[in-house]
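everything below, folded, please.
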Amino acid sequence: MVQERVDALLAAIATRTGLPVARDGNGSCAIRYGEGFELALTALGLGEEVLLHAPVQFAHPDDPAGQFRRCLEFSLYGSRSQGASVGLDSDGWITLWRRLSVEGIDDQGLEDEIVSFAAAAYALRSELAPGQFGEVIGAAFAPEPGYVVIKA
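Numbers count the residues shown, from 1 in each chain. Model (predicted):
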């Protein structure tokens, strides 16, 4: 089952990094990245896939067309979004998401995918709020301060 596989992978990441990463009762694992941001890894129960998703920014009512254009440009071909897609949830949050197969992946591979996704979410946040966040130049899990650190 994918849930057991994800639990084992997250336990291995927690042991190696010292970060408290584990799924909650809803099947999701919240992972903080950057200063005050959060993404989630959810075991879908559909084959060997998990869902990485991060609310990036609330859709701005004053410039929805410009904001959505930047989202589309950001996700074109997946190069800047690291293969993730951008969507709008029912609450009005612009959300970066990606389905990821955990079949054959080891804990280091999953960690690398999470860090890459966090960097893409931060980059999209920077794209949508120019001047508020720096350009991503690196990212890694870090026990201190206890989340994925984004170097910008």
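
could I get the average pLDDT for the top helix by length along the chain?
Longest among the helix segments of the chain by residue count, using DSSP state H, is helix 107-128. For helix 107-128, the mean per-residue pLDDT is 89.

and it, what does it pack onto?
Contact analysis of helix 107-128 by 3 or more Cβ pairs under 8 Å, 6 or more residues apart in numbering; DSSP states H and E lists helix 2-17, strand 28-33, strand 37-43, strand 49-58, helix 64-75, strand 93-101, strand 138-142, strand 147-151 as its packing neighbours. (Each C-beta comes from the backbone N, C-alpha and C, glycine too.)

could you check the angle the longest one makes with strand 93-101?
Yep, that's helix 2-17 we're talking about. If you take axes from the mean of the first three to the mean of the last three Cα atoms, to 10 degrees, helix 2-17 sits at 100 degrees to strand 93-101.

the fifth one too?
In terms of direction (the same axes, to 10 degrees), helix 64-75 departs from strand 93-101 by 20 degrees.

and the fourth one, by the same measure?
In this structure, strand 49-58 runs at an angle of 160 degrees to strand 93-101, with the same axes, to 10 degrees as the basis.

which other helices and strands contact strand 49-58?
Against strand 49-58 (3+ Cβ pairs under 8 Å, 6+ apart) you get helix 2-17, strand 37-43, strand 93-101, helix 107-128.

mean neighbour count and distance to Arg70 for these - can I get that in JSON lines?
Listed next are the helices and strands packed on strand 49-58 as JSON lines, based on neighbours: other Cβ atoms under 10 Å; distance: least, Cβ to Cβ, whole Å:
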{"stretch": "helix 2-17", "mean neighbour count": "16", "distance to Arg70": "32"}
{"stretch": "strand 37-43", "mean neighbour count": "21", "distance to Arg70": "18"}
{"stretch": "strand 93-101", "mean neighbour count": "19", "distance to Arg70": "9"}
{"stretch": "helix 107-128", "mean neighbour count": "22", "distance to Arg70": "5"}
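
all set, thanks.
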